[in-house]
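# This is a predicted model, with the sequence first.
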Amino acid sequence: MTAQFEVQDLSVELDGPAGTVCVVDSISYSVDSGKVLGMVGESGSGKTLSVLGVLGLLPGGARARGSARLNGRDLMALKPRERRQVLGKDISVVLQDPYTSLHPMLTIGRQMTDHVRQHLRVGKSEASDIAVRLLHEVRIPDAHTALGRYPHEFSGGMRQRIAIAMALACGPQLIITDEPTTALDPTVQADVLRTLRELQLAEGLGWIIISHDLGVVSALADEVVVLYSGRIVEAGTASELLTRPRHPYTRALLDSLPDAGHKELVTLRGVVPSPANRPPGCAFHPRCRFSTQECAEKVPVLRELADRRLLACPVDPLRKG
Amino acid sequence: MLKQPLTIISIVIIAAWVILAIAAPWIAPDSPNYTGFAALQAPSAAHWFGTDDVGRDVLSRVLWGARATLPASVILVACASAIGTVIGVVAGYIGGWVDSTLMRITDLFFSFPAVIFAMAIVAALGPSLTNSVIAITAVSWPLFARIARSVVLNIRSADYVLVRRLLGGSTREVIAMDVMPNVIPSVVVVGALYLGEAALLFSGLSFLGLGVRPPTAEWGAMISEGAAHFNAWWMALFPGLALMSIVVAFNLLGDVLRDLLDPTSGRVVTQTAATA
């Protein structure tokens, strides 16, 4: 069976003052319809760029290579015009910050119906009906009046619900949420995620959650991909990977989660190296307490383990644990 | 804000000049180019602003002079802001080498003193009203290009622009719906502030003999003629006052518009506000 959405060997290169930098280094992942893929990594690990690269919306000076097939159709080979017909219709993205992702000068109604009219080729009133229905689904009270209002009249959580409604308006098959709740406070976070989850299950959508929050990912994802400095270091089913991490980095991420059981919080020293000065060999080796000579010399290969898990660590110190 | 005295003063002065300019042929006591009066008469009941060295009524010429300065300033600001906006938006939106090229050209224009550069252009094209407007437009557009570009740079990286693209929006939609509504208020404010400058530059060229050809009534040219007759102070004073009043009024108008459109002034007129 082929996956609904399949990214293969995606690389993103960025032209900088110091030459070309490979920010995303041939990563591959896939999502099936109705499934949730969590993409985890610290800031600067290339999560967002890997999505923008697939969608052809990289900022100037950046290029993407590889393929991204949605139902067998390679998005990265599409002409800009064809791609515009896919964006917002078959694939939708919800961005991180609802305070900046809605146009401050346009009414909610206008923002919600523009792309609906364009993608579904419907008239104004039909598009409004769709918008009202979606606002209901994301539980915006009084959806009819909401259409005539401006973003600043809504709270952050409400705005994110509106952004989600916009993303779902044309009935996409895949939704990508880039840190969708990071800008919201925890209670609102849970609420917004619950709404998204219900809609995703009801429509059988593929869902990619980009997040640095393992709590969010572990609660929702079926499969998890862990990125470090633009490379996949570990991937596998959420239940396996999050209970029995094999890569020292995944382990460190999990250890740094606040947890009622732990007495002391384990922290991971240092920061993700910028792709421009990525260390040779395994990018994580300077921060890894298991690193060996080999780690500093050879870029580890992502190999498949028995339980459908992918691991890029030659040492594999956590094999037994 | 609209009730503040300065606002009212500027609007009254501008409105008065507009009316006077339109009505000049009917309300001016004499023809601006009728030379039949005694030369160099001091202001009197018959000639409120006196007469000039060739026996023309200064009041009539001041009124007719508004018919040159006002439309010329407005037209040249309109042209300069339109050209500047297009260049600035293109440079800011496309970026890369297009941006660098256009902005270096803009810098090139900026690096000359405006009056000298305008003089050079008029000298090359030949002095006339049209050519002086063209010359001032040519030295004025870089200001608008820079402003438009800086606004575009801010907007281009805004999340809601990315959202429009993520939902399948085209470049044309981004420019029409996201970029222009943010650029236009800034350009309008600067344009209004620049009207005074434009009036001064225009009169300045005429003063130097590079603008409107004699005998056409124009304030700068009249001041220039008056400067040659120091004892006939009225020849230069009245067109000078006229020019001063309109420049001050334009500047006040610019300030008012800036406050009105400025998000931080607390009166959000358009929602540009949050992002501009």
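Arrived safely. Residues are numbered from 1 along each chain as shown, chains lettered A, B, ... in the order given.
# what's the one helix or strand A:Val21 maps to packed up against?
Counting by DSSP states H and E, the element that carries A:Val21 is strand A:19-31. Strand A:19-31 makes packing contacts with strand A:5-16, strand A:36-40, helix A:47-55, strand A:62-70, strand A:206-211, strand A:223-228, strand A:231-237 when contacts are defined by 3 or more C-beta pairs under 8 Å, 6 or more residues apart in numbering or on different chains; DSSP states H and E. Every C-beta, even on glycine, is put in place using the N, C-alpha and C of the backbone.
# quick one: it to strand A:62-70, angle?
Inter-element angle recorded for strand A:19-31 and strand A:62-70: 10 degrees (by axes from the mean of the first three to the mean of the last three C-alpha atoms, to 10 degrees).
# For strand A:19-31, what does the pLDDT average out to?
Average pLDDT, strand A:19-31: 89.
# Can you mark which positions in it are buried?
For strand A:19-31, a neighbour-count test (16 or more other C-beta atoms under 10 Å in any protein chain shown) marks A:Val21, A:Cys22, A:Val23, A:Val24, A:Asp25, A:Ser26, A:Ile27, A:Ser28, A:Tyr29, A:Ser30, A:Val31 as buried.
# Could you tell me which residues of the stretch 51-200 of chain A lie near chain B?
Residues of the stretch 51-200 of chain A lying close to chain B (C-beta under 8 Å from any C-beta of the partner chain) are A:55, A:57, A:59-61, A:84-89, A:92-93, A:95, A:97, A:100-106, A:114-115, A:118-119, A:150, A:152, A:163, A:166-167.
# Skipping adjacent residues, who's closest to the one residue in the stretch 151-276 of chain B that gets nearest to chain A in space?
Using C-beta to the nearest C-beta, the single residue of the stretch 151-276 of chain B nearest to chain A is B:Leu167, 3.3 Å away. Among residues not flanking B:Leu167 along the chain, A:Gly88 sits closest, at 3.3 Å (C-beta to C-beta, 6 or more residues apart in numbering or on different chains).
# measure that neighbour to A:Gly19 for me?
Noted for A:Gly88: a distance of 35 Å to A:Gly19, by C-beta to C-beta, to the nearest Å.
# now swap in B:Ile13 and tell me
On the measure of C-beta to C-beta, B:Ile13 and A:Gly19 end up 59 Å apart.
# ok, now A:Gly281?
On the measure of C-beta to C-beta, A:Gly281 and A:Gly19 end up 20 Å apart.
# Then B:Phe202?
Separation of B:Phe202 from A:Gly19 (C-beta to C-beta) stands at 51 Å.
# what ranges do the helices span in the stretch 151-276 of chain B?
For the stretch 151-276 of chain B, the helices defined by DSSP state H, counting those that start in this stretch occupy B:159-166, B:171-173, B:180-207, B:219-227, B:233-261.
# Those: which one's closest to A:Arg133?
Nearest of the helices of the stretch 151-276 of chain B to A:Arg133, taken as C-beta to C-beta: helix B:159-166 at 20.4 Å.
# what about whichever residue of the stretch 51-200 of chain A sits closest to chain B, neighbour count?
Of all residues in the stretch 51-200 of chain A, A:Gly88 sits closest to chain B, at 3.3 Å by C-beta to the nearest C-beta. The local packing of A:Gly88 (other C-beta atoms under 10 Å in any protein chain shown) involves 26 other residues.
# Verify the contact between B:Cys79 and B:Ala138 for me.
No: applying C-beta atoms under 8 Å as the test, B:Cys79 and B:Ala138 come out as separate, 9.4 Å apart.
# of the two, who's got more company?
B:Ala138 (21 against 17).
# which one is that one nearest to, not counting chain neighbours?
According to C-beta to C-beta, 6+ apart, the nearest residue to B:Ala138 is B:Ile121 (5.7 Å).
# Please, which helix or strand holds the one you found?
Going by DSSP H and E, B:Ile121 is part of helix B:114-125.
# Which neighbouring elements make contact with that helix?
Of the remaining helices and strands, those touching helix B:114-125 by 3+ C-beta pairs under 8 Å, 6+ apart are helix B:129-156, helix B:180-207.
# Show residues contacting it.
B:109, B:131-132, B:134-136, B:138-140, B:201, B:204-205, B:208, B:210-211 (C-beta atoms under 8 Å, 6 or more residues apart in numbering or on different chains).
# model confidence over that helix, on average?
Here the average pLDDT along helix B:114-125 is 90.
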